[in-house]
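> Sequence and computational prediction follow.
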Amino acid sequence: MATIPKMSEVFKTHPLHIPDNKNLESFQQLPETHDWIQPDSFPSFRDSNISLSDSVPLIDLSLPNAPELIRNAFQTWGAFQVINHGVPISLLDSMESTVDALFNLPSPQKLKATRPPDGLSGYGVARISPFFPKRMWSEGFTLVGSPLEHFKKLWPQDYTKHCDITEEYGRELRSLCGRLMWLGLGGLGITREDVEWAGPDGDFKTSHVAIQFNSYPVCPDPDRAMGLGAHTDTSLLTIVYQNNTSGLQLLREGNRWVTVEPVPGALVVQVGDLFHILANGLYPSSLHQAFVNRTRKRLSMAYFFGPPETAQISPLKKLVGPTQPPLYRTVTWTEYLRKKAELFNDTLSSIRLYTPLTGLLDVNDHSQVKVG
Ligand SMILES: O=C(O)CCC(=O)C(=O)O
Ligand SMILES: [Fe+2]
């Protein structure tokens, strides 16, 4: 059996060099390098005539029927927005201020904390950039593990405050993800005994996590630009916080992009590839992208919740039977991440064991999604 790559080594085989990082805000016109409109380049991402019933569900986690609503949302959308989630709104505000402060630093300061080409943490462009022919209208900062070393480089005097906020955010989101994992799994009839790697208390204490901050500066020609190209996340669950500026879109029924309108204090919960595998395809992995705006800068933070580094992820036994064969082979998160760096939106199909009998592509076959 192949050895499991360590998280820190995942990108050694696929280093990503940061291109000359011009300050996007300084452009009066969209440069050719960022102009995504070519004949037949990608489906239009401006939604038109979307009916109200076509908006991602908004779920109040304090309601007694929340588990049922969550199961429904996961099955139909692979996503929902959640309120009354228990993460203090003041913490969301502080975290947003930290992210804002980070991206407002002068470029040379941000570049001091550049993510190494084969590394996990630091400032840079989106990891998915090499899969698209044009550059994205965004900048990002990825954190795996402690923010301390990175934040010291960004804010030599002032790092403690930002570290404290980020660490508290990480703790709160970990606990929310644990809750949401059990609600999502419960909806499939899965109980604590079925998921060994959730730990003896079922608190996912050894789960691996990454945090991604994204900034989408104002753009002179937003209809021709793209903030973040269409992708699924590799995680089990991703929780996105967005500021009060829209941009996040989900692909609905494989044929139209629906904007997730910002709701104050809400968080967006999305199924990632690994939960899709665990659920043996019953929950689709959410395909999403982000657009940009002409007059409003957008910020988002994505919290990627994954399994422990060595956990073997495969369709849960209870969800497999004579009429439901396992759709995917076993992978670890690190193995999967490495594959994704190579195959991107074809990664799920590369580990698929069965093609649906109908011969039709299922919602998670993204080989049809045009990315270039
Ligand atoms: O900006 C957003 O809303 C989405 C961010 C995202 O999808 C990601 O960081 O993976
Ligand atoms: Fe994402």
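Arrived safely, thanks for sending. Numbering: from 1, shown residues only. Ligands and ions are numbered 1, 2, ... in the order given.

> is any part of the longest helix seen in the chain close to ligand 1?
Looking across the chain with DSSP state H, the single longest helix is helix 159-186. No - shown here: helix 159-186 not in contact with ligand 1 (Cβ under 6 Å from any ligand atom), separated by at least 13.9 Å. Bear in mind the C-beta positions are built from the backbone N, C-alpha and C, glycine included.

> Could you do stretch 330-347 as well?
No - against ligand 1, stretch 330-347 shows no contacts by Cβ under 6 Å from any ligand atom, the least distance being 11.8 Å.

> in the stretch 151-300 of the chain, what spans have low per-residue confidence?
Nowhere does the stretch 151-300 of the chain drop to pLDDT under 70.

> Up against ligand 1, what does it have?
212, 214, 228, 233, 240, 242, 247, 248, 288, 290, 300.

> May I see those residues arranged in TSV, with secondary structure as well?
As requested, these are exported to TSV (DSSP: H, G, I helix; E, B strand; the rest coil):
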residue	secondary structure
212	strand
214	strand
228	strand
233	coil
240	strand
242	strand
247	coil
248	strand
288	strand
290	strand
300	strand
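
> Show me which pair in the residues you listed is furthest apart.
The span of these, defined through Cβ to Cβ, is set by 233 and 247 at 16.1 Å.

> Can you show me the strands along the stretch 251-372 of the chain?
256-259, 267-271, 288-290, 298-305 (DSSP state E, counting those that start in this stretch).

> Please work out which of these is packed deepest.
With neighbours taken as mean count of other Cβ atoms under 10 Å, those reach their highest mean count in strand 267-271, at a mean of 26.

> Dump that one to CSV, restricted to CA.
In CSV, the C-alpha atoms belonging to strand 267-271 read as follows (Å, rounded to 0.1, in the frame of the first residue of the first chain):
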residue,chain,number,x,y,z
LEU,A,267,-22.8,31.2,8.0
VAL,A,268,-22.8,29.1,4.8
VAL,A,269,-22.4,25.4,5.4
GLN,A,270,-21.3,23.3,2.4
VAL,A,271,-20.7,19.6,1.9
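
> residue with max distance from the center of the protein?
residue 322 (33.1 Å; Cα atoms, centre = their mean).

> tell me the contacts of the most centrally placed residue in the chain?
Note on the chain: the residue nearest the mean C-alpha position is residue 233, at 4.5 Å, using Cα atoms, centre = their mean. Residues in contact with residue 233 (Cβ atoms under 8 Å, 6 or more residues apart in numbering) are 270, 272, 273, 285, 286, 302, 304.

> re the thing from before, closest to residue 57 out of the strands of the stretch 251-372 of the chain?
Of all these, strand 267-271 sits nearest to residue 57, with 10.0 Å by Cβ to Cβ.

> and the angle for that closest one with helix 159-186?
Strand 267-271 and helix 159-186 are oriented at 50 degrees to each other (axes from the mean of the first three to the mean of the last three Cα atoms, to 10 degrees).

> what does strand 267-271 contact?
With Cβ under 8 Å, 6+ apart, strand 267-271 has contacts from 56, 74, 78-82, 85, 87, 176, 180, 184, 233, 237-242, 248, 250, 260, 279, 283-286, 288.

> Equivalent analysis for stretch 59-73, please.
Residues contacting stretch 59-73 (Cβ under 8 Å, 6+ apart): 56-57, 79-86, 179-180, 183-184, 186-188.

> same question, stretch 188-196
Stretch 188-196 is contacted from outside by 71, 182, 185, 198, 202, 279, 282, 283, 316, 317, 318, 319, using Cβ under 8 Å, 6+ apart.
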